[in-house]
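Visitor: structure, please.
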Amino acid sequence: MTDITETKIEIHNALSLSDMNLPHTHTTDTQLSFISIDKKKNMSSIFGLQNVLATSAFSRKKSSVKAKIVGSTVAGVSEICIFHPIDTVAKRLMNNKVQITNAQMFRSVALNNSGISKLYAGISAGFMYKVSQRTYKYGGQSYLNDLLQKDFNASKLVSQSLSGCMIGMGEVFLLPLDILKIRTQLFPEKYAGRSLFSILRAEGSSMYNGTAVTMLRNGLGSTALFGANQLTRNFLLKGEERQATLSEIVITSTVASVSSLVVSSPFDVMKVRVQADPEGVTRARHVFGEIMKHEGAGAFWKGMGPKIMVVGPKLIFSFTIAQYVISRFDDYFSNQKKKEQAFETKHLAMSSSSTQKCE
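Guide: Next comes the predicted model:
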């Protein structure tokens, strides 16, 4: 007579009984299932299947993280390669304190009284900053958003906005690279021929100038970016649980990017002027007072139209690329793991069958 033992196995959400192909009853998260197992013949098979399923669940989580990192990095590299000259023009316009009245003045400010090649000034610092920032921002926000929904049961809109705000404010650790990029864009002659690390050592603590206003600008801008993206997505998808198409992603990214630029513009103007000071003595409160006294409150949104036309496309581009590439790589990694799981399960079943025949 076969030695039968009653073995109690707690089935977690990650290890579904249906995936085991075993008789069972439906369970809740806290219920236990009792399975009668032929100890000699089937115990190794059951625990082998459990290991396969556990590994697969963990791998799917890792795959999702890999997709976020790959997609965000692709977005950062693409953005800096295509849009760095446009970003340089935008920074020079924001730092300009004289009203531009004709095309000649615009050309003089945009080109900094030098050639078109100077539009690529600061691209080394820009590459380091932008790739790191996009990887951290888009990848980190997506991961934190999943965490808030899973562990804190937050709604999609709240989790998207809150995670965006937290990640945006956390970008401050990249501030030295951001300031270095801005200063080399505005004053290319001063920093020509110097390595990034020698500049960082020479500038010292001034590379953290404008920390508070940067955190405000990034926090509010990222809240608007991801919050508006989720609101637009809800409107377009009408509650359907499916992946957005490329055209829908472009629409949501456009609305989100414009919203982010409008909300963060006052702090962005102050941030650029504070960080443009090579001496590092200018403070946000001084900039605020000077703008209110000499230029008026409207100066905080000065050039909003050109800014949307100049800065908007690169933000729309990178946000669209990040979302699209992340979703595609997520599908790819998920399919790869499913194939691996199916192969391992089939191999395990064949091994178990061979063992039973031998016995």
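Visitor: all contacts plus neighbour counts: C-alpha atoms, from now on.
Guide: OK.
Visitor: how about residue 267, what does it touch?
Guide: The contact partners of residue 267, taken as C-alpha atoms under 8 Å, 6 or more residues apart in numbering, are 213, 214, 216, 217, 300.
Visitor: any chance of the backbone angles for it?
Guide: phi -70, psi -30 (degrees, to the nearest 10).
Visitor: so who does the residue most central in space within the chain touch?
Guide: The residue lying closest to the centre of the chain (C-alpha atoms, centre = their mean) is residue 138, at 0.6 Å. Residue 138 is in contact with 68, 72, 319, 322, counting by C-alpha under 8 Å, 6+ apart.
Visitor: now these as TSV including distance to residue 206 and neighbour count?
Guide: Compiled in TSV, those are given as follows (distance: C-alpha to C-alpha, whole Å; neighbours: other C-alpha atoms under 10 Å):
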residue	distance to residue 206	neighbour count
68	33	26
72	29	31
319	30	29
322	32	26
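Visitor: quick one on the thing from earlier: out of the contacts of residue 267, which are inside helices?
Guide: Among these, DSSP state H puts 213, 214, 216, 217 in helices.
Visitor: give the ChimeraX command for selecting the buried subset of the residues you listed.
Guide: Here is the ChimeraX selection string for the buried members of the ones in helices among the contacts of residue 267, based on 16 or more other C-alpha atoms under 10 Å:
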select :213,214,216,217
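Visitor: CSV for the ones in helices among the contacts of residue 267, including distance to residue 154 and pLDDT?
Guide: Below are these laid out as CSV (distance: C-alpha to C-alpha, whole Å; pLDDT from 0 to 100):
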residue, distance to residue 154, pLDDT
213, 28, 90
214, 27, 91
216, 23, 92
217, 24, 92
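Visitor: so which bits of stretch 175-189 are buried?
Guide: Neighbour counts over stretch 175-189 (16+ other C-alpha under 10 Å) mark 175-188 as buried.
Visitor: what's the closest of these to residue 157?
Guide: residue 175 (28.0 Å; C-alpha to C-alpha).
Visitor: please report how far the closest one lies from residue 168.
Guide: In this view, residue 175 and residue 168 are 12 Å apart by C-alpha to C-alpha, to the nearest Å.
Visitor: same deal with residue 156?
Guide: Relative to residue 168, and taking C-alpha to C-alpha, residue 156 is found at 18 Å.
Visitor: so between these two, which is more surrounded?
Guide: Legend: neighbour count by other C-alpha atoms under 10 Å for residue 156 and residue 168, higher for residue 168 (26 against 17).
Visitor: thought the more buried one was touching residue 218?
Guide: Yes: between residue 168 and residue 218 there is a contact under C-alpha atoms under 8 Å: 4.7 Å.
Visitor: give the rounded mean pLDDT of whichever strand or helix holds residue 200.
Guide: Remark: residue 200 resides in helix 196-203, with elements defined by DSSP states H and E. Rounded to a whole number, the mean pLDDT of helix 196-203 is 79.
Visitor: what's the answer for stretch 131-143, then?
Guide: Mean per-residue pLDDT for stretch 131-143: 90.
Visitor: mind saving the C-alpha coords of that stretch as PDB?
Guide: Output in PDB follows, covering the C-alpha atoms of stretch 131-143 (Å, rounded to 0.1, in the frame of the first residue of the first chain):
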ATOM      1  CA  VAL A 131      20.500  60.400 -19.300                       C
ATOM      2  CA  SER A 132      20.800  60.100 -15.500                       C
ATOM      3  CA  GLN A 133      17.800  62.300 -14.900                       C
ATOM      4  CA  ARG A 134      15.500  60.600 -17.400                       C
ATOM      5  CA  THR A 135      16.400  57.100 -16.200                       C
ATOM      6  CA  TYR A 136      15.800  58.200 -12.600                       C
ATOM      7  CA  LYS A 137      12.700  60.200 -13.300                       C
ATOM      8  CA  TYR A 138      10.700  57.900 -15.700                       C
ATOM      9  CA  GLY A 139      12.000  54.600 -14.300                       C
ATOM     10  CA  GLY A 140      11.900  55.600 -10.700                       C
ATOM     11  CA  GLN A 141       8.400  57.200 -10.900                       C
ATOM     12  CA  SER A 142       7.000  54.200 -12.600                       C
ATOM     13  CA  TYR A 143       8.400  51.900  -9.900                       C
END
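Visitor: the bottom helix or strand of the chain by mean pLDDT?
Guide: Ranked by mean pLDDT, DSSP states H and E, the weakest helix or strand in the chain is strand 4-9, scoring a mean of 38.
Visitor: measure residue 245 to residue 64 for me?
Guide: When distance is defined by C-alpha to C-alpha, residue 245 is 19 Å away from residue 64.
Visitor: correction: residue 220
Guide: For residue 220, the distance to residue 64 - C-alpha to C-alpha - is 27 Å.
Visitor: can you check residue 71 too?
Guide: Here the criterion is C-alpha to C-alpha. By it, residue 71 lies 11 Å from residue 64.
Visitor: likewise residue 180?
Guide: 33 Å.
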